[in-house]
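Participant: Structure of the sequence below:
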Amino acid sequence: MKIRSSRSSVAWRAGVASRLTGVLVVVLIGLLVGAPPVAVHPSEHAATVVVHDQVVGRSPQFIGANPGLTIAPNWEAWVRDSRMNAAREWANMEEIEPGNEDGVYGDGVGDDGAFQVARAAVLASPEDNAYIRWSGFHFQEVDRRLGAYDRLGITPVVVIRNSGSGSTRQANMPAWMANVPTTPEDTWEWWEYAFAVAYHTAREHGVTRFEIHSEPDRSVQGFGGRVDDYVRLLSWGADAAREGVRVALAARGGDAGQAVIYAPGLAEPTARRGGYLQQVLTSAASDVDVIDYHQYSLPWNGEYADLATRVSAIAEAAAAPRPLFVSEYNISRSGEHGDVDEPADALALAEAQRQLAQAGVEGMLLYRFNFPAEFRNLSVIRSGTGSGRALVDQTFGYQIFKQATVALAGAKDVLALDATGSATWLATRDDGHVYVLGISRDDTPLPVDLDLGELGVDGNDAMLRVAAVDHPNNLVDRPVIQAGHVSFVQPPASAIMLVISRQAGPASPVALRLDSGAAELDRNRVQLLTALATLSDGSERDVSDWVSWSSDDPLTVRVNSTGLVVGLASGTASVTACWETTCAPPAAVTVH
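Facilitator: Modelled structure (predicted):
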C-alpha cells in the first residue's frame, strides 16, 4: 500500500489543494470563453524516486561559509542556527602586522644560510628568540572570531596572505611588505608572518587548516606575481604553517594533529587548460594537501559537477590526485552575481550544492553568510529595514543552505537512486537518519512517490520540510513509511528535505517544553529557543528541528523553523512549539 501520510499537516494539504483547484478554474474559464482547454494532469508529471541501499560516495565533511561581517549584531546566533560546521577565517597582514613587527626588515637574513639559522632558532624557541617580537602582532580580532568558532564547534580554514582585502597590484596593503617575495629578506618576512599566524592560532584555538593566499590568478586580489612566484610563496608558507602547527600543538601538551594545506584557491582553476593549477601541482605537490578553488556560475547544465571532474583530471594528469575543496561558491550569470533571495537563484544554489556533494568534494563554503554592502545579494542572512547592521532577515537561500548543512555535512553516505521527472534528487545516510533532498523548478505541484523499500525504514518516524517562497523551511508533514513507500506533493519552485529516522517505530513525545518560559529582547535582536521532548521512557531530548514553531503575533516577534526568535516591534508575543497535537506551554517574548 502506498500512502501520502498517516499524520499530515491539514493546512499544507489545503494549500496544495487550493493550487490544484486554481488550475481547474483556469481550465473551466477557458471552456466558457471558447478557448481550447489546457491539458493539466499533475499525475502525468509525477516523479518516482527509488533510493537504493548502495553507497556510491561520501558527502562533504565540511559545509559552511565565508562569514562576512562578524561584528554585526545577531551574527553568532544565526551562525549557530544555520548548523554549518566550517568557516573561512582571513589572516590578512594588513590587520595582523600592519607595520613590520620589529621594525627591522629581514632581521639580517641576507642569504639561504642565514635563513636556515633564523628558522632553526624560531623552531627551537618560538616565543623567545631574536627574530620574532610577538608584541608587534595584532591578533585581537582574529582571536575574537576564532573564539566564536570555538564556542560554536565550527572548524575554521585560515587564509594566510601577505596582502589585504583592499590590495591591488599597484598598491599592496601593507605597503612595507613585498607583494612578490624575491629577496632573502622578503622570503624571511613572509615565512615569519605565516609561522606567527599558524603558531598563534594553533596554540590558542587548535587550528590546523590553512589556505595559502586566495585567488593568486587574479591580480585584483593583491598578488601580482606569476605562477612560479606563487609556487615559492606557497612552498615557504606551507613550511611555516606545518612547523607552526607542529610546535604549537607540542606546546599545548602534545595535542594530536598536523597542518592541512589548502591551495591554490584559484578563481579559474581550468583556465588556459588548467595550466596554472597543473604547474602548482607539478612544482609543489608536497605543499598541497587539498586542492582549493572557487566557482560562481549557474548549475543547470551540470557546471558544478563538470568543473569538479575537470579539476580532478588536471590533478591526475599531474600525478597529484588530491581531495577537492570549494572555498567560495555562489550563483552568477554572465558575470553578474545573482540574488539568493530570488526563487530562481535560490533553487540554483540548491542544485549547485547537490552537484558538489555528488562530486565528492571534501567541503564547500558559501560566499557569503552575511555582508551589508556590495555582497548583500549573495548573503543568505541580511539586515532589515531600520535594523542598521543587525541581522534579522533570512533569505530563501538561507533555507537552501540550511538544508545542505543538515542533510550533507559530516561525510555521510551518498546513496544510489533512480528518478523520473524533471526534479533533481540526492539521498544521504548517517547512523541515525536517511535524508532525501529534492529540487523542483516546476511552476506546478509535483506529485512524488518515494520508494525506500531497500532501506528497512518501514514504520519509522519522518519529517518533511519545504523551502519555497511561502514555506520558509517549514515542517509541513510527518509521513510514516509503510510498505517501503511514502508519497507527497512537492510545491511549485521548491526544495524539499525528507528526514527519516533509522530507529524502528515513531518517537512521538509524551510532553514538550521550551528551555525558557519567558524572554526579553531589544528590538532587532534575536534569541534561540530550544524545544525539549519527554519520551515515553522518561528521557528528554532536544527536538528543536523536529517541531513546528509559531508566534501568535509575528509582527511583534517572528520565529523561524528551528526556534530562532526575532524582536521586530515593541510588545509581547507568545511563541510555542508543537509535535502534532502535543504543544509546549508558550513562552512570553517581550520586545523593548
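Participant: so where do the helices sit in this structure?
Facilitator: For the chain, the helices defined by DSSP state H cover 10-32, 75-82, 93-96, 112-124, 140-152, 184-205, 227-251, 271-284, 303-317, 343-359, 396-407.
Participant: Quick check: which of these is buried the most?
Facilitator: helix 396-407 (a mean of 26; mean count of other Cβ atoms under 10 Å). In short, each C-beta sits where N, CA and C put it, glycine included.
Participant: Kindly export it (C-alpha atoms) in CSV.
Facilitator: Coordinates of each C-alpha in helix 396-407 appear next as CSV, following Å, rounded to 0.1, in the frame of the first residue of the first chain:
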residue,chain,number,x,y,z
PHE,A,396,15.2,31.9,0.6
GLY,A,397,18.8,31.0,0.0
TYR,A,398,19.3,30.6,3.8
GLN,A,399,16.7,27.8,3.8
ILE,A,400,18.5,26.1,1.0
PHE,A,401,21.9,26.5,2.7
LYS,A,402,20.4,25.1,6.0
GLN,A,403,19.1,22.0,4.2
ALA,A,404,22.6,21.3,3.0
THR,A,405,24.2,21.7,6.4
VAL,A,406,21.7,19.2,7.9
ALA,A,407,21.5,16.7,5.1
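Participant: Give me the mean pLDDT for it.
Facilitator: Average pLDDT, helix 396-407: 96.
Participant: In terms of secondary structure, what does that helix contact?
Facilitator: Counting contacts by 3 or more Cβ pairs under 8 Å, 6 or more residues apart in numbering; DSSP states H and E, helix 396-407 packs against strand 62-66, helix 75-82, helix 343-359, strand 433-440, strand 462-468, strand 471-477, strand 494-501.
Participant: Out of the helices of the chain, which is closest to residue 566?
Facilitator: helix 75-82 (9.6 Å; Cβ to Cβ).
Participant: Let me know which of the helices and strands packed on helix 396-407 is the nearest to residue 586.
Facilitator: Comparing the helices and strands packed on helix 396-407 by Cβ to Cβ, strand 471-477 comes nearest, at 17.9 Å.
Participant: neighbouring contacts of the closest one?
Facilitator: Contact with strand 471-477 is made by 5, 7-9, 12, 394, 396, 399, 402-403, 463-467, 488, 491, 494, 497, 546-548, 560-562, as judged by Cβ atoms under 8 Å, 6 or more residues apart in numbering.
Participant: Just the buried residues out of those residues, in ChimeraX syntax.
Facilitator: Typed into ChimeraX, the next command selects the buried ones out of the contacts of strand 471-477 (criterion: 16 or more other Cβ atoms under 10 Å):
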select :5,8,9,12,394,396,399,402,403,463,464,465,466,467,488,491,494,497,546,547,548,560,561,562
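Participant: so where's the stretch 51-200 of the chain uncertain?
Facilitator: 164-172 (pLDDT under 70).
Participant: just for the stretch 451-592 of the chain, where's the confidence low?
Facilitator: 505-507.
Participant: again, only this time at 50
Facilitator: Within the stretch 451-592 of the chain, no range satisfies pLDDT under 50.
Participant: picking up where we left off before, closest one to residue 260 among the helices and strands packed on helix 396-407?
Facilitator: The nearest among the helices and strands packed on helix 396-407, by Cβ to Cβ, is strand 62-66 at 11.2 Å.
Participant: Check which helices and strands that closest one sits against.
Facilitator: Against strand 62-66 (3+ Cβ pairs under 8 Å, 6+ apart) you get strand 86-92, strand 324-330, strand 363-367, helix 396-407.
Participant: Please name the strands paired to it in the sheet, noting orientation.
Facilitator: When pairing is defined by DSSP bridges, strand 62-66 lines up against strand 86-92 (parallel), strand 363-367 (parallel).
Participant: Could you save the ones you listed as TSV and add columns showing distance to residue 77?
Facilitator: Output for the strands paired with strand 62-66, formatted as TSV (distance: least, Cβ to Cβ, whole Å):
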stretch	distance to residue 77
strand 86-92	15
strand 363-367	18
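Participant: re the thing from before, tabulate the helices and strands packed on helix 396-407 (a markdown table), appending distance to residue 539.
Facilitator: Putting the helices and strands packed on helix 396-407 into a markdown table (distance: least, Cβ to Cβ, whole Å) gives the following:
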| stretch | distance to residue 539 |
| --- | --- |
| strand 62-66 | 30 |
| helix 75-82 | 24 |
| helix 343-359 | 33 |
| strand 433-440 | 18 |
| strand 462-468 | 20 |
| strand 471-477 | 22 |
| strand 494-501 | 15 |
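Participant: Walk me through the domains of this protein.
Facilitator: 10-57+412-501, 60-84+306-411, 85-288, 511-591 (automatic domain parsing).
Participant: Off-centre distance for the longest one?
Facilitator: So the one you mean is domain 85-288. Distance of domain 85-288 from its chain centroid, counting by Cα atoms, centre = their mean, to the nearest Å, is 24 Å.
Participant: Endpoints of that domain, how far apart?
Facilitator: In terms of Cα to Cα, to the nearest Å, the two terminal residues of domain 85-288 are separated by 22 Å.
Participant: List the contacts of residue 207.
Facilitator: Residue 207 neighbours (Cβ under 8 Å, 6+ apart): 89, 146, 156, 158, 198, 201, 245.
Participant: So the residue nearest to the second one when sequence neighbours are not counted versus residue 257, what's the distance?
Facilitator: Yep, that's residue 146 we're talking about. In space, and not counting its chain neighbours, residue 146 is closest to residue 205: 4.4 Å by Cβ to Cβ, 6 or more residues apart in numbering. Distance from residue 205 to residue 257, counting by Cβ to Cβ, to the nearest Å: 12 Å.
Participant: And residue 118, by the same measure?
Facilitator: If you go by Cβ to Cβ, the gap between residue 118 and residue 257 works out to 26 Å.
Participant: tell me, how many neighbours does residue 127 end up with?
Facilitator: Around residue 127 there are 11 other residues, counting by other Cβ atoms under 10 Å.
Participant: oh, I was asking about residue 422
Facilitator: Neighbours of residue 422 (other Cβ under 10 Å): 12.
Participant: Backbone dihedrals for it, please?
Facilitator: phi -90, psi -20 (degrees, to the nearest 10).
Participant: List the contacts of it.
Facilitator: Neighbouring residues of residue 422 by Cβ under 8 Å, 6+ apart: 45, 47, 440, 441, 442.
Participant: if we go to 7 Å?
Facilitator: Going by Cβ atoms under 7 Å, 6 or more residues apart in numbering, residue 422 touches residue 442.
Participant: Use 34 as the first number for this chain going forward.
Facilitator: With 34 as the first residue, the last one maps to residue 455.
Participant: between the contacts of residue 240, which is nearest residue 460?
Facilitator: residue 189 (29.8 Å).
Participant: For the closest residue to that closest one other than its chain neighbours, which residues count as its bridge partners?
Facilitator: Nearest residue to residue 189, sequence neighbours excluded (Cβ to Cβ, 6+ apart): residue 122, at 4.5 Å. Judged by DSSP bridges, the bridge partners of residue 122 are residue 191.
Participant: now residue 400
Facilitator: residue 99.
Participant: wait, it sits on residue 411?
Facilitator: Yes - taking Cβ atoms under 7 Å as the definition, residue 400 is a contact partner of residue 411 at 6.2 Å.
Participant: and for these two, which residues touch both?
Facilitator: By Cβ under 7 Å, 6+ apart, the residues touching both residue 400 and residue 411 are residue 363.
Participant: So which of these two has more stuff around it?
Facilitator: residue 411 (27 against 21).
Participant: And the closest residue in space to that one that isn't next to it in sequence, what's its pLDDT?
Facilitator: Sequence neighbours aside, residue 363 is the residue nearest to residue 411 in space, at 4.9 Å (criterion: Cβ to Cβ, 6+ apart). Residue 363 is assigned a pLDDT of 94 by the prediction.
Participant: Many thanks, have a good one.
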